[in-house]
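Novice: build the 3D model from these lines:
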Amino acid sequence: MAAFRDPDVDVIVPTIGGYRTSALLPHLDYDEIAANPTILTGYSDLTVLEYALLSQSELCTFHGPTAMPQLGEYPKPFEYTIDHFFDAISGQLAGTIEPSEFWTDEFLDWFERRDLERRRKLHDNNGYEWLRKGSARGRLLGGHAYSLLHVIGTDYWPDHNGSILVLEETMEESSLREIESYFIDLRNAGLFEQIEGLVVGRFKQYDSEESKRFRKIIQLVTEGYDFPILYGVDVSHTDPQLTLPYGVEAELDSEEGNFRLLEEGVAV
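Specialist: Predicted coordinates:
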């Protein structure tokens with residue numbers, strides 16, 4: 001709460017994600033946060049905190065980098081990450097979201113000196129993939145799939161009617177079978193009945209065969225719906241990473257090949 005109270009703090013960037021963020025939610029003063037709006041960015045388990053601030057304080061939060069994994073990249077943060085981060089928090093991100101030129105999901109051990117002194121191995125990015133074609137427009141919501149299950153059905157869950165949903169996960173922490181169950185749970189909760197489009201981030205730590213299986217899982221779990229599905233977006237546990245403001249209007253259009261933000265988030 002001290003960071004929200006401090007008038008000299010414009011942006012809160014957590015050090016990293018983690019576990020049990022949901023334990024914080026009952027202890028926050030949402031009226032005070034609403035009276036002292038401050039930009040919060042993060043991903044993974046921080047999804048629950050971002051949803052709580054969005055639903056309880058009507059605060060525009062940002063799915064984006066944290067300090068250690070992204071801003072602590074050796075020898076310096078990726079330009080794609082930094083450019084989108086500063087564009088987002090300064091209110092200059094509206095427009096077409098282009099994919100990164102490369103990506104990495106290589107794990108480097110921060111406790112191993114040799115891993116602190118080399119750059120991660122990079123892969124060429126082949127761009128976005130449309131798993132289902134179409135067009136959609138709606139408010140941008142979403143985040144880490146497993147974390148969403150912590151708050152769905154609670155007071156911290158915002159209205160998803162007419163939204164474009166962003167989902168990301170990682171094979172580093174969950175098996176493909178578990179990830180499939182998360183998506184099934186979201187479907188059974190009626191979430192897919194409410195949304196206009198789906199954006200799925202690139203998954204971390206999978207091989208080519210697992211990638212094919214996951215694409216098939218997405219198609220099977222969303223069977224019976226006609227909303228467009230965009231896959232391979234830089235909103236996941238891979239790097240570099242986008243910064244996306246929750247609650248703003250966005251657009252998907254497979255004919256044009258576009259993922260666009262139609263509004264800015266709040267700015268510092």
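Novice: so which residues of this protein form strands?
Specialist: Assigned by DSSP state E, the strands in the chain fall at 11-12, 39-42, 62-63, 95-96, 102-103, 123-124, 129-132, 135-144, 163-168, 197-201, 229-233, 244-245, 249-253, 258-261.
Novice: tell me what the third one is packed against?
Specialist: Going back to what we said before, that points to strand 62-63. strand 39-42, helix 47-57, strand 244-245 (3 or more Cβ pairs under 8 Å, 6 or more residues apart in numbering; DSSP states H and E). Where C-beta positions appear, they are placed from N, C-alpha and C, glycine not excepted.
Novice: of these, which is nearest Gly162?
Specialist: Closest to Gly162 of the helices and strands packed on strand 62-63 is helix 47-57 (Cβ to Cβ; 15.4 Å).
Novice: hey, what's the angle from the closest one to strand 135-144? Just curious.
Specialist: Helix 47-57 and strand 135-144 meet at an angle of 110 degrees, taking axes from the mean of the first three to the mean of the last three Cα atoms, to 10 degrees as the criterion.
Novice: ignoring the adjacent residues along the chain, who's closest to Asp185?
Specialist: Leu149 (5.7 Å; Cβ to Cβ, 6 or more residues apart in numbering).
Novice: how about Thr47?
Specialist: In space, Thr47 is closest to Gly143, 3.2 Å off (Cβ to Cβ, 6+ apart).
Novice: low-confidence stretches in the stretch 51-200 of the chain?
Specialist: Low-confidence segments of the stretch 51-200 of the chain (pLDDT under 70): 171-173.
Novice: gap between the two ends of stretch 168-177?
Specialist: 15 Å (Cα to Cα, to the nearest Å).
Novice: any chance of JSON lines for the strands of the chain, columns mean neighbour count and distance to Ala88?
Specialist: Putting the strands of the chain into JSON lines (neighbours: other Cβ atoms under 10 Å; distance: least, Cβ to Cβ, whole Å) gives the following:
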{"stretch": "strand 11-12", "mean neighbour count": "15", "distance to Ala88": "10"}
{"stretch": "strand 39-42", "mean neighbour count": "24", "distance to Ala88": "8"}
{"stretch": "strand 62-63", "mean neighbour count": "27", "distance to Ala88": "6"}
{"stretch": "strand 95-96", "mean neighbour count": "12", "distance to Ala88": "12"}
{"stretch": "strand 102-103", "mean neighbour count": "18", "distance to Ala88": "19"}
{"stretch": "strand 123-124", "mean neighbour count": "10", "distance to Ala88": "24"}
{"stretch": "strand 129-132", "mean neighbour count": "16", "distance to Ala88": "24"}
{"stretch": "strand 135-144", "mean neighbour count": "22", "distance to Ala88": "12"}
{"stretch": "strand 163-168", "mean neighbour count": "25", "distance to Ala88": "14"}
{"stretch": "strand 197-201", "mean neighbour count": "26", "distance to Ala88": "16"}
{"stretch": "strand 229-233", "mean neighbour count": "23", "distance to Ala88": "15"}
{"stretch": "strand 244-245", "mean neighbour count": "27", "distance to Ala88": "6"}
{"stretch": "strand 249-253", "mean neighbour count": "21", "distance to Ala88": "13"}
{"stretch": "strand 258-261", "mean neighbour count": "18", "distance to Ala88": "9"}
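Novice: which one of those lies nearest to Leu25?
Specialist: Here strand 39-42 is closest among those (Cβ to Cβ), at 13.4 Å.
Novice: the residue nearest to Asp185 contacts Ile184, doesn't it?
Specialist: No. Using Cβ atoms under 8 Å, Leu149 makes no contact with Ile184, being 10.7 Å away.
Novice: Leu191: which of the strands of the chain is closest?
Specialist: Between those, strand 163-168 lies closest to Leu191; by Cβ to Cβ that is 7.1 Å.
Novice: packing partners for that closest one?
Specialist: Using 3+ Cβ pairs under 8 Å, 6+ apart: strand 163-168 touches strand 135-144, helix 145-151, strand 197-201, strand 249-253.
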